[in-house]
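In: Just a sequence and a predicted model for now, questions to come.
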Amino acid sequence: MTDDEAVVTADTPGRAGAPDDDGLALDDEIRAFVRRQVALAELPAAAIVAETVECLDGEADRVRIAELAWPVVAEELTAHLTAQQSWPARTDSDRLAAAFRALSAAGIVARESFACCQNCGLGEIGAEVPREVTPRGYAFYHQQDAERAVDGSPVFLAYGLFEQPPSVEIGEEVAAALRAEGLTVRWNGDTGSRIQVPMVWRRRRVGRLAAVPPTLDDDVDVEVGLLSAWTGVHAPRDGVQSAARLSALHLPWMPADARLRLSTESLTVTVRRAGDALVGEYADPDRRPVTVGRYEGLALLGGPPATVPSPADYVDATYEHSTGRGNAVALEAAEAIAITHRLQPHTRDFLSCLGRSGGVVQMGWEADRLWLETPHPETATVTGRHVSLAEAARMITILATEDRVAVDELGNTVTKPW
């Protein structure tokens, strides 16, 4: 996930996402910042609270800012999740992402919400050029552009050639890709002007990004110790925190190799994930290990039963793309499918999904086509073919919900050495 560092003006580096309104009360500043971060759909709940504290540091005590931010994050996330239920199946944000993916496949380095501002974007886009690829140009919009789009402004796209002045031809190709996805384009052909895309910003939240901070009257504090590597915006922090939030926002998505030591006033337990369950092993030798569902982590600390049932669909996902990575993370089908839309053509981005019984479906871009396969370790071969994103989604859904590999059902597959 990109860190939302933002800025004060479009062309000046700084902290991204800071409220633009002067003179707002602290509560209003917090809500303005949180609402924007929720709409951007890049950070999970705990990371939004942390960013709020960083952004408003100096406005009040950091602990106080966090206390005020938590309920606001819960309210704004709930409102967002309710609203997205009535959105069309394909939103303008989906169309924009599809246009950028098409541009990338065509050899134009296209990145969304890239860098904090235009100057930084222009300075950093060259590092995005895939190895062994000679790009024909670039296109991007930066984080401040995304924030303004949340507030109702058009998205402004920078475009051009590497180490050359921008050309009309590249601008026209970018505009054509946007129009091909059904988006409106405002651009007069002037290479000194960015391309404008009027749109309604609607990004869906699923999986970890849709986890809402709970509120419990009898919540307890828990001391968290990370016993193995678990990093990134989805990882909990070391130290004292809410047991209910830890259980709702982090434990369901523990990487398979992560270990946490949790301590309350009455017990200490080491927690790991085993498939679709959490296993707690207690420091007290008289207490037997306990196994609960992924969403029932609070029960390991003596808390009440979970109010959110564990989803029936499940895969262990290992993935890497330009804005995130994960190793053996427990995901629902919807979040695994969302990751396929993050994979970029002409890169080494990949996603590998492991089912409950050990079946594997994995994929990555081969130049401008998405290759999907299932491995056969006993013969050191793979079976697969190039697929559409819709076909990839179907394969993931079957693995997650039916616990079977259905690659042969795609038809026209080939088997080859790995």
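Out: Thanks, I have the structure now.

In: Tell me who's in contact with the nearest residue to G137 once chain neighbours are set aside.
Out: Distances taken as C-beta to C-beta, 6 or more residues apart in numbering put I170 closest to G137, at 4.2 Å, once the chain neighbours are dropped. For glycine as for every other residue, the C-beta is placed from the backbone atoms N, C-alpha and C. Counting by C-beta atoms under 8 Å, 6 or more residues apart in numbering, I170 touches I108, R136, G137, A139, Y159, G160, L161.

In: Save these as TSV, and put in distance to C55 and secondary structure too.
Out: Shown next, in TSV, are these (distance: C-beta to C-beta, whole Å; DSSP: H, G, I helix; E, B strand; the rest coil):
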residue	distance to C55	secondary structure
I108	33	strand
R136	38	coil
G137	34	strand
A139	28	strand
Y159	30	strand
G160	31	strand
L161	35	strand
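
In: What is the nearest of the residues you listed to L267?
Out: A139 (54.2 Å; C-beta to C-beta).

In: Can you read off the pLDDT for that closest one?
Out: pLDDT recorded at A139 is 98.

In: Mind jotting down where the helices sit in the stretch 251-400 of the chain?
Out: For the stretch 251-400 of the chain, the helices defined by DSSP state H, counting those that start in this stretch cover 333-340, 389-402.

In: Output the longest helix belonging to this structure.
Out: In the chain, with assignment by DSSP state H, the single longest helix is helix 62-84.

In: and stretch 331-344, how far apart are its ends?
Out: 20 Å (C-alpha to C-alpha, to the nearest Å).

In: er, stretch 195-211 actually
Out: Stretch 195-211 has an end-to-end distance of 35 Å (C-alpha to C-alpha).

In: 106 is where my numbering starts, stick with that
Out: Sure thing, new numbering starts at 106, so read that last one as stretch 300-316.

In: What residues of it count as buried?
Out: 300-302, 304, 306-316 (16 or more other C-beta atoms under 10 Å).

In: what do you get for stretch 345-353?
Out: Buried residues in stretch 345-353 (16+ other C-beta under 10 Å): Q346, S347, A348, A349, R350, L351, S352, A353.

In: mind saving the C-alpha coords of it as CSV?
Out: In CSV, the C-alpha atoms belonging to stretch 345-353 read as follows (Å, rounded to 0.1, in the frame of the first residue of the first chain):
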residue,chain,number,x,y,z
VAL,A,345,-0.6,-1.9,24.4
GLN,A,346,-3.8,-1.7,22.3
SER,A,347,-7.5,-2.7,22.2
ALA,A,348,-8.1,-6.4,22.2
ALA,A,349,-11.3,-6.0,20.2
ARG,A,350,-9.6,-4.0,17.5
LEU,A,351,-6.7,-6.4,17.3
SER,A,352,-9.2,-9.3,16.9
ALA,A,353,-11.3,-7.5,14.2
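
In: re earlier: going by distance to G408, which of the buried residues of stretch 300-316 wins?
Out: When these are compared for distance to G408 (C-beta to C-beta), A316 wins out at 16.9 Å.

In: how far away is the nearest residue to that closest one once chain neighbours are set aside from R313?
Out: In this structure, A316 finds its nearest non-sequential neighbour in L354, 5.0 Å apart by C-beta to C-beta, 6+ apart. Using C-beta to C-beta, to the nearest Å, L354 is found at 8 Å from R313.

In: Check L459 too.
Out: As judged by C-beta to C-beta, L459 and R313 stand 18 Å apart.

In: Over to P482?
Out: P482 sits 30 Å away from R313, going by C-beta to C-beta.

In: just V512 next, same as before
Out: 27 Å.

In: What of A202?
Out: Distance from A202 to R313, counting by C-beta to C-beta: 19 Å.

In: Spell out which helix or strand contains the nearest residue to S347 once chain neighbours are set aside, please.
Out: Using C-beta to C-beta, 6+ apart and skipping residues adjacent in sequence, the residue nearest S347 is D324, 5.5 Å away. Assigned by DSSP states H and E, D324 belongs to neither a helix nor a strand.

In: So D324 sits against S352, correct?
Out: No: under the criterion of C-beta atoms under 8 Å, D324 makes no contact with S352, lying 9.9 Å away.

In: For G276, give me its contacts.
Out: Neighbours of G276 in contact, by C-beta under 8 Å, 6+ apart: Y264, W292, G294, T296, I300.
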